[in-house]
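# predicted model and sequence below, questions to follow.
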Amino acid sequence: MKITSAKYITSVVDKSKILDYGIDIAFVGRSNVGKSSLINCLVGNKKLCKTSSLPGRTRMINYFEINNQFRFVDLPGYGYAKAGKQNKVLWANIMEDYLLNSKCLKLVFMLIDARIEPTELDLKMLKYLFYYQIPTIIVATKIDKLPKTKISAYIQNCAKKLSLGKDNIIPFSSENGTNKEELLNIIADVLSK
Ligand SMILES: Nc1nc2c(ncn2[C@@H]2O[C@H](COP(=O)(O)OP(=O)(O)OP(=O)(O)O)[C@@H](O)[C@H]2O)c(=O)[nH]1
Ligand SMILES: [Mg+2]
């Protein structure tokens, strides 16, 4: 599949504004893991989503219209140490509201960082997604930062930590587009159902 158009729609902080029509594909993961960069890579526009080397950049639910057919949803990152208690509560509320109430959610890409083992928060997130039976694909981002010889062992270790088969984790790089086509194929598959 090819993405031919990608437009920012809106950013939402409260439950009542969560869009309740159409098809959503959402991106979750630790703050700074590369969610916004991955979306930009898939759509081929480095400026669509704001990215930053400072964690905690995305604080709202950001919606993007893709191919006039479905939406990408850039969700706020978790585990940002400096977020402060109030922001953490706000984050939990937004995420829970979105994941539980979005009638539109067809697929979640959950991102983990290729240089860091899955964290406790990653495990919690994954359990949550499974519990609510939200179709989930795990993507290991920033794979360009790992030596090629270490990728396979890294994926195997992550799979073990997350109690998944190694084929359930897709190595990815926004930097050089590793497995971009693979992710687009998964999206096409979900849309065709
Ligand atoms: N080398 C490399 N760097 C990446 C990759 N993906 C993201 N980055 C860098 O990692 C930093 C964070 O990326 P973002 O895409 O802003 O991360 P995010 O998950 O959206 O972060 P929050 O919005 O804070 O939750 C930026 O400096 C990116 O350039 C990748 O695949 N390879
Ligand atoms: Mg972001």
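Received the coordinates, thanks. Numbering: from 1, shown residues only. Ligands and ions are numbered 1, 2, ... in the order given.

# residue 69 contacts residue 23, doesn't it?
Yes. Look at residue 69 against residue 23 with CB atoms under 8 Å: they come within range, at 7.4 Å. The way it works is simple: take the backbone N, C-alpha and C, and place the C-beta from them, glycine included.

# ok, residue 116 to residue 131 distance?
24 Å (CB to CB, to the nearest Å).

# more neighbours, the two?
With neighbours defined as other CB atoms under 10 Å, residue 116 and residue 131 compare such that residue 116 has more, 13 against 8.

# a strand runs through that one, doesn't it?
No. Using DSSP: H, G, I helix; E, B strand; the rest coil, the assignment for residue 116 is coil, not a strand.

# if I look at it, how far off is residue 19?
Per CB to CB, residue 116 is found 32 Å from residue 19.

# can you give me the pLDDT of residue 93?
Note on residue 93: pLDDT of 74.

# quick one: contacts for it?
Contact analysis of residue 93 by CB atoms under 8 Å, 6 or more residues apart in numbering lists nothing.

# now it: how far from ligand 1?
From residue 93 across to ligand 1, the span is 16 Å (CB to the nearest ligand atom, to the nearest Å).

# next structured bit after the helix or strand containing that residue?
Using DSSP states H and E, residue 93 maps to helix 84-101. Downstream of helix 84-101, the first helix or strand assigned by DSSP H and E is strand 105-113.
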